[in-house]
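1. Below are the sequence and a predicted model; questions follow.
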Amino acid sequence: EAQVTQNPRYLITVTGKKLTVTCSQNMNHEYMSWYRQDPGLGLRQIYYSMNVEVTDKGDVPEGYKVSRKEKRNFPLILESPSPNQTSLYFCATQTGGTEAFFGQGTRLTVV
Amino acid sequence: GQQVMQIPQYQHVQEGEDFTTYCNSSTTLSNIQWYKQRPGGHPVFLIQLVKSGEVKKQKRLTFQFGEAKKNSSLHITATQTTDVGTYFCAGPADSNYQLIWGAGTKLIIKP
């Protein structure tokens, strides 16, 4: 079954404590991306990756890092989280400019 | 940069009434995609339109792609409680696989 798996689903953390949200896909897709979703703002892209070792900034990259060492994994790293990074995060994969497959989401609260 | 505007942000309807959401792109799109996000869920792909003037139907949902391939609409006939959620349109950016997202329209059924 085609899957995009994100972990954790829910996370409450404190300001400044480094965290990683993992994303893994089994569809062999080259393109992966991270979005954050906030009320009234829709989906905003944080980072994307066209292939292994190729990453680029999206619309709201400040405060985030990513890596793509393997095709299937695309972790999102918050080195020093702040309360304004409290949000719902989605990982997504696609091939070409076509259908995107989303993970289940990670609801992050930074206090 | 490329933008996709989507209106309205919210639409409140009585069950059985119709619902429409509109998307307008700043540039011509090679395709437009529609997604549905149920409350508490992740965006799920509904359909992709590719041809100028294309109209596709899925039961009570009708999707249209404009002649100039810059605008699109989703119309739901006789809404049901299962239609509740947020509907997003998205189109590929000119330069790569990146999807440019509309802000979404939230369908709310009045009690």
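-> Okay, I see it. These numbers were taken from a predicted model, which means no experiment stands behind them.

2. use CA for all of it now, contacts and neighbours both
-> Will do.

3. and the residue with the shortest distance to the centre of chain A, how far is that from residue A:59?
-> Nearest to the geometric centre of chain A sits residue A:34, at 3.2 Å (CA atoms, centre = their mean). Per CA to CA, to the nearest Å, residue A:34 is found 11 Å from residue A:59.

4. The residue nearest to the centre of chain A belongs to a strand, doesn't it?
-> Yes: according to DSSP: H, G, I helix; E, B strand; the rest coil, residue A:34 belongs to a strand.

5. hey, what's it bridged with?
-> When assigned by DSSP bridges, residue A:34 has beta-bridge partners residue A:47, residue A:91.

6. my guess is it contacts residue A:55, does it?
-> No: using CA atoms under 8 Å as the test, residue A:34 is too far from residue A:55 to be in contact (11.1 Å).

7. what residues are up against the closest residue to residue B:76 other than its chain neighbours?
-> In space, not counting the residues next to it along the chain, residue B:76 is nearest to residue B:61; the distance is 4.6 Å by CA to CA, 6 or more residues apart in numbering or on different chains. With contact taken as CA atoms under 8 Å, 6 or more residues apart in numbering or on different chains, residue B:61 is in contact with B:74-77.

8. what do you get if the cut-off is 10 Å, keeping everything else the same?
-> By CA atoms under 10 Å, 6 or more residues apart in numbering or on different chains, residue B:61 lies in contact with B:19-20, B:46, B:74-79, B:83.

9. buried set for stretch B:38-55?
-> B:38, B:42-49, B:51-52, B:55 (16 or more other CA atoms under 10 Å in any protein chain shown).
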